[in-house]
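In: Whatever this is, show me its structure:
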Amino acid sequence: MIKTTIILSILLVINCYSQNDKFDVSHGVSIISIDTLDEKVQEIKYQNCRFVSFPKKYSQKVYDSEKTYFVPDSATVSYINENIAKQYCLTSHRFMDNFYKEILNDDGYDKKALRKRYREFKKNDLKNCQKYENDINVFDKQLIGYINDNGEKIILIQMIDFREDPYQLKSFFKKSWISGWHGWFETNIRRLHFHLKNNKFTINEEI
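Out: Predicted coordinates for the structure are as follows:
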């Protein structure tokens, strides 16, 4: 049985799994917990971080009920751990580069201002991003494996920086896919997709 254990709404104060775990929030968080021995999370620990891979039924519950799911094997998780920091900035840069190119072809935008921003992006983006590559290695990662509409195996990687944990969510890392909005969730959580076919990282599956 999978049950929803917490749904926090903006500006509400509620209990968090126990009567004593109360906190005031100006954000929102939705946590659906695995509550059965039949749904085991696979955990792999590395020197600086942890990976958890969620089981198929649970992934279907929290992500997309229409998709087919799989659990990533240890060799794939090891590859992700070894390469995600190396490829993070290039992946982010490629995504934003494609974004600028697309909107520059849209007549609804100020082309002069966009071209200026695009030049600044090309000049500074990779340099600025590389400052954070080492941080990626210490983020804990949650994984959901699924097959997309093209029949391709994809792993959704949710990277969570628990070095600051004001809402005490680290204790839910192994048993809940952590979702939220505003504040900490925008600065401390990042997502990538990993394509098993070509060992490539993307944002939103955009090659």
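
In: Just name the shakiest helix or strand of the chain by mean pLDDT.
Out: Here the helix or strand of the chain ranked lowest by mean pLDDT, DSSP states H and E is strand 13-15, holding a mean of 28.

In: which element is the residue lying closest to Asp64 once chain neighbours are set aside on?
Out: Using Cβ to Cβ, 6 or more residues apart in numbering and skipping residues adjacent in sequence, the residue nearest Asp64 is Tyr146, 7.2 Å away. Yep, even glycine has a C-beta here, placed from its N, CA and C like the rest. Element membership for Tyr146, per DSSP states H and E: strand 140-147.

In: what's in contact with that strand?
Out: Outside strand 140-147, the residues within contact range by Cβ atoms under 8 Å, 6 or more residues apart in numbering are 49-54, 59, 62-64, 67-72, 77, 80-81, 84, 153-160, 162, 170, 173, 177-178.

In: okay, now the nearest residue to Ile80 once chain neighbours are set aside: neighbour count?
Out: Once flanking residues are discounted, Ile80 sits nearest to Phe194: 5.8 Å by Cβ to Cβ, 6+ apart. Phe194: 25 surrounding residues under other Cβ atoms under 10 Å.

In: cool, and the one 3 residues further on?
Out: When neighbours are counted by other Cβ under 10 Å, Lys197 registers 10.

In: Next one: Phe194 from Ser171, what distance?
Out: 26 Å (Cβ to Cβ, to the nearest Å).

In: all helices for the protein, in order.
Out: Per DSSP state H, the chain carries helices over the ranges 56-62, 74-104, 111-129, 133-138, 184-188.

In: What angle do helix 111-129 and the longest one make with each other?
Out: Right, the one you point to is helix 74-104. Counting by axes from the mean of the first three to the mean of the last three Cα atoms, to 10 degrees, helix 74-104 lies at 160 degrees to helix 111-129.

In: Helix 74-104: which residues count as buried?
Out: Neighbour-count burial for helix 74-104, counted by 16 or more other Cβ atoms under 10 Å, picks out 76-77, 80-81, 84-85, 87-89, 91-92, 94-96, 100.

In: likewise the shortest one?
Out: Using 16+ other Cβ under 10 Å as the burial criterion, the residues of helix 184-188 that qualify are Trp184, Phe185, Asn188.

In: Beta-bridge partners for the residue nearest the centre of the chain, please?
Out: Central residue of the chain (Cα atoms, centre = their mean): Gln158, 2.3 Å from the mean position. For Gln158, the beta-bridge partners are Gln142, Arg191 (DSSP bridges).

In: close enough to count as contact, it and Phe173?
Out: No - between Gln158 and Phe173 there is no contact under Cβ atoms under 8 Å: 10.1 Å.

In: Wait, the residue nearest to Ile80 touches Phe201, no?
Out: Yes - counting by Cβ under 8 Å, Phe194 does reach Phe201; the two are 5.6 Å apart.

In: and the gap between Ser179 and Ser59?
Out: From Ser179 across to Ser59, the span is 13 Å (Cβ to Cβ).
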